[in-house]
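Here is the input, now give the coordinates:
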Amino acid sequence: MSTLDRRKFIKLAGGASATLLSFNYFACGALDPMQRIGMATVMVRTRIASTAPSWASPDLTLLEVPAYFRDRFGIYNVDLWTRHFEERSPSYIHELKARLRKSRSILINIQIDDNFDISSLDRSRRERSLELAKSWIGTAADLGALAVRVNAGKENLDNAIASYKKLNAYANRLGVIMQCENHFGVESIPENHLRIIREVNHKNFHTLPDFGNWPEYIDLYKALEKVMPYAYQVSAKMKELNAHGEHVSYDFDKCMQIAEESGFNGIYTVEQYGGDIVHLDFEAVGDLIIQKIKYNLYG
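Residues are numbered from 1 along each chain as shown. Below is the predicted model of the structure:
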């Protein structure tokens, strides 16, 4: 998808506040709740070699993910984690794009996690970090991704803001939405998160609220209320589940209700991270999260 085509798609879909429709739904007259649900490859991290723990038996590649999400969950909105890219050669990117197209999937986001810190106090490291992040944004554009998430880093808020301005300008030129997630850095304090949004101050820059990533001393429900008005997508994450398959880390339904009451009508991405996963049935967890999202959708 070219930059122009991608911009046109986002505009037609209503931008940051609209439901992003997968290609397979354009012909449908009525909205399906699944149009508002995506899934991240962190849900299959134990099955992909690059992130599989020692006790797991990897049996899935990133190239196979779009078809797997479609066939197993009926999900066409795909969120990829950079740690799952086997490579970034032109031929590999071409094949991944072809697999997405064949599955009639939309690449809604790429979670960029790499060896960088855009907030670093070390200028040379910060500049290297910017170049590495830009290279991933370029890859996202090549794949036709709607958005990317770049971590703020852990060292200095002012530097993070300055770096976000540069990265967002670059992403905007390529037609890719930039997202800032509460992801264990300087942005994990809600007030810092809001300051980033205010000072970057650009229509292409948004939050990516994650239900589960707030520090323990933060009231996650109040934090979510603060950042939801600026959300483009939402990480509908569960963390620890008990022996009965019940989520126990926080009130997932309450998080969904806060998101919906904020007026958000974009995509919720299915994720699980945290707790004991040795005996976790990720497919059952995926089904549970999908069910919970559907139950709490308004309209």
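
what's the burial count for Asn117?
Residue 117: Asp, not Asn. Neighbours of Asp117 under the rule other CB atoms under 10 Å: 22. (Glycine included, C-beta is placed from N, CA and C.)

Nearest residue to it in space, please, no chain neighbours.
Spatially, and ignoring its direct neighbours in sequence, Asp117 is nearest to Gly153 (3.9 Å; CB to CB, 6 or more residues apart in numbering).

Assumed that neighbour was part of a strand.
No - counting by DSSP: H, G, I helix; E, B strand; the rest coil, Gly153 falls outside a strand, being coil.

what's the neighbour count on it?
Residues lying near Gly153 (other CB under 10 Å) number 24.

Report the contact partners of it.
By CB atoms under 8 Å, 6 or more residues apart in numbering, the contact set of Gly153 is Phe116, Asp117, Ile118, Ser119, Ser120, Ser129, Asn159, Ala160, Ser163, Gly185, Val186.

Settle this for me: the first one is touching Arg128, isn't it.
Yes - contact criterion CB atoms under 8 Å: Phe116 and Arg128 qualify, at 7.0 Å.

Neighbour count: those two, which is higher?
Phe116 (21 against 15).

give me phi/psi at that one?
With angles defined as degrees, to the nearest 10, Phe116 sits at phi -150, psi 160.

could you list every residue that touches it?
Arg125, Arg128, Ser129, Leu130, Leu132, Ala133, Gly153.

need the helices for the stretch 101-250 of the chain, in chain order.
123-143, 157-174, 190-200, 220-227 (DSSP state H, counting those that start in this stretch).

Take those helices and write them to JSON lines, including mean pLDDT and distance to Pro33.
Output for those, formatted as JSON lines (pLDDT from 0 to 100; distance: least, CB to CB, whole Å):
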{"stretch": "helix 123-143", "mean pLDDT": "98", "distance to Pro33": "26"}
{"stretch": "helix 157-174", "mean pLDDT": "98", "distance to Pro33": "29"}
{"stretch": "helix 190-200", "mean pLDDT": "97", "distance to Pro33": "28"}
{"stretch": "helix 220-227", "mean pLDDT": "98", "distance to Pro33": "21"}
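
Look up how far His206 lies from Ile118.
Using CB to CB, to the nearest Å, we find Ile118 at a distance of 17 Å from His206.

Quick check: next helix or strand after the lowest-mean-pLDDT helix or strand in the chain?
Within the chain, no helix or strand scores below helix 3-13, which has a mean of 41 by mean pLDDT, DSSP states H and E. Counting by DSSP states H and E, the next helix or strand C-terminal to helix 3-13 is strand 37-40.

May I have the strands that pair with that following strand, each with its orientation?
Counting by DSSP bridges, the strands paired with strand 37-40 are strand 77-81 (parallel), strand 267-272 (parallel).
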